[in-house]
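1. I'll drop the sequence and a predicted model, then ask my questions.
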Amino acid sequence: MVQGATISQLGDARTGKLADNLSGFGRTLRRAGVRVDAARMALAQQAVMLVGLQREDFCAALEAVLVSREQDRLVFRELFDAYFKNPNVAQKLLAQMLPSAESKAEPAKRRPRVSEALAPVRAARNAPPPREEDKVDFDAAMTASDLQRLRQADFNQLSASEYILVERLAREIPLPLPHYAARRTRPGARGHRPHWPGAMHLAARSGGEVLRVPLLQRRQQALPLLVLVDVSGSMERYARLLLAFLHAATAPRRTGAMGAVRRDVFAFGTGLTDLTPAFRLADTDAMLQVASHAINDFAGGTRMGDSLAQLRQQHARRLVGRRTLVLLISDGLDTGTPEVLVQELAWLRRHCGRLLWLNPLLRFEGYAPTARGAAELHRQAHGMLAVHNLSRLQDLAASLASVLRQ
């Protein structure tokens, strides 16, 4: 009886508008980069049949079955509010629910992914077939000027399609880490002491004659790298892209180091999340997927001092050292206790080789670190570098070298 009453309340899915509007909403989510497939849409229809048409229950049911990544939650909620604007959702769904609402008021500010997903598509559907010259222009759309614009575009202002393209381009940017002479040695042409086992091995080939004595030289090892990434709400658009960039750029095959590269990566927001196991994966997409499941405070607040205290208490012995290069990626908008942040940043500076602050807010001309967390970071860091677009990422290697020489 309950099931039959629910079906009569929602109407026949073959003739009513609920199924069409859910399908349209799913297509809108896909345009925004949310991973929605046919199976999830089928679950969405079943969930709506169970919870009914109250706005809060309707939204919660769709979010539960359609959103699988933490970074997509805010996008889903903005799209839901924009798609189903009428507060009387039950009446609107049974009547005519379309992406274009009766109200002309628009939100003051939307995420680029949401704006692109809600862009009108009727003109494209009714447009005549493109002419041959139009096809040529479309094929050559990504010209040198377009690439230059993307290299200078702020990550936070990119649309969903541009963001995906820029993320792919960022993975190709090299970041050769500075090297140092390790304690271990290997045979080489410019050594500092004889390699007698190698000399005996060569002498065995020449009837016992020692014709050449190879030398031992110290191995070149990349500096140990500790990456601390802020995943708070203000850093949402930067965190994923910079994680993809650092994973690809610091891979052993890209650094040129002899042996494995020591990379330790942590995400911090309201707590600390160890992403080092995810960074051991060779595929960047797989790394991002594992990292998104591991981070449970994505797009939340920032308590940097508490996170650094957790780093010191649980991971200090294997992370810090006089050669360790620390890249702290944050905008410095901390909401924790200032005294704890001062103490932990001072400890981190004393126990590492260089502490570099990668700050996306440097994109603003005349930026000054006036916030409490930003001011303390500016005081303790050995250098502050901008990381808000592709051009800055390309210059990061040269900037690192100049800071390390200081």
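-> Right, received. Where do you want to start? Not measured: the values here are computed from a predicted model.

2. Quick check: buried residues in the helix of greatest length in the chain?
-> Identified as the longest helix of the chain according to DSSP state H is helix 304-319. Neighbour-count burial for helix 304-319, counted by 16 or more other C-beta atoms under 10 Å, picks out Met304, Gly305, Asp306, Ser307, Leu308, Ala309, Gln310, Leu311, Arg312, His315, Leu319. C-beta: built from backbone N, CA, C; applies to glycine.

3. quick check, nearest of those to Leu223?
-> Relative to Leu223, the closest of the buried residues of helix 304-319 is Leu319; by C-beta to C-beta it sits at 13.1 Å.

4. Quick check: that closest one touching Leu311?
-> Yes. Applying C-beta atoms under 8 Å, one finds Leu319 in contact with Leu311, separated by 7.0 Å.

5. contacting residues around the closest residue in space to Ser330 that isn't next to it in sequence?
-> Excluding its sequence neighbours, the residue lying closest to Ser330 (C-beta to C-beta, 6 or more residues apart in numbering) is Asp230, at 3.6 Å. By C-beta atoms under 8 Å, 6 or more residues apart in numbering, the contact list for Asp230 reads Ala239, Ala267, Phe268, Gly269, Thr302, Met304, Ile329, Ser330, Asp331.

6. shouldn't Leu275 be in contact with Ala267?
-> Yes. Between Leu275 and Ala267 a contact is recorded at 5.5 Å, counting by C-beta under 8 Å.

7. Find the residues that touch each one of the two.
-> Counting by C-beta under 8 Å, 6+ apart, the contacts common to Leu275 and Ala267 are Val229, Ala291, Ala294, Ile295.

8. ok, now which ones touch the third one?
-> The neighbourhood of Ala294, defined by C-beta under 8 Å, 6+ apart, consists of Ala267, Thr273, Asp274, Leu275, Ala278.

9. Name the member of these with the shortest distance to His179.
-> Looking across the contacts of Ala294 and measuring by C-beta to C-beta, the closest to His179 is Leu275, at 24.3 Å.

10. From Arg303, how far out is the residue nearest to Ser330?
-> Per C-beta to C-beta, to the nearest Å, Asp230 is found 11 Å from Arg303.

11. Overlap of the contact sets of the two?
-> Joint contacts of Asp230 and Arg303 (C-beta under 8 Å, 6+ apart) are Phe268, Gly269.

12. circling back: columns distance to Ala61 and pLDDT on top of the buried residues of helix 304-319, output as TSV?
-> As requested, the buried residues of helix 304-319 are exported to TSV (distance: C-beta to C-beta, whole Å; pLDDT from 0 to 100):
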residue	distance to Ala61	pLDDT
Met304	36	93
Gly305	38	93
Asp306	35	93
Ser307	34	94
Leu308	39	94
Ala309	39	94
Gln310	36	93
Leu311	39	93
Arg312	43	93
His315	40	89
Leu319	43	78
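
13. pretty sure Leu328 contacts Leu228?
-> Yes. Under the criterion of C-beta under 8 Å, Leu328 makes contact with Leu228 at 4.7 Å.

14. can you pull out the strands in the chain?
-> Using DSSP state E, the strands of the chain run over 179-188, 193-194, 215-222, 225-230, 263-268, 272-274, 325-329, 354-358, 383-385.

15. what would those look like in JSON lines with mean pLDDT and distance to Ala170?
-> Listed next are the strands of the chain as JSON lines, based on pLDDT from 0 to 100; distance: least, C-beta to C-beta, whole Å:
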{"stretch": "strand 179-188", "mean pLDDT": "74", "distance to Ala170": "23"}
{"stretch": "strand 193-194", "mean pLDDT": "84", "distance to Ala170": "43"}
{"stretch": "strand 215-222", "mean pLDDT": "79", "distance to Ala170": "20"}
{"stretch": "strand 225-230", "mean pLDDT": "93", "distance to Ala170": "14"}
{"stretch": "strand 263-268", "mean pLDDT": "92", "distance to Ala170": "16"}
{"stretch": "strand 272-274", "mean pLDDT": "94", "distance to Ala170": "22"}
{"stretch": "strand 325-329", "mean pLDDT": "93", "distance to Ala170": "13"}
{"stretch": "strand 354-358", "mean pLDDT": "92", "distance to Ala170": "13"}
{"stretch": "strand 383-385", "mean pLDDT": "90", "distance to Ala170": "15"}
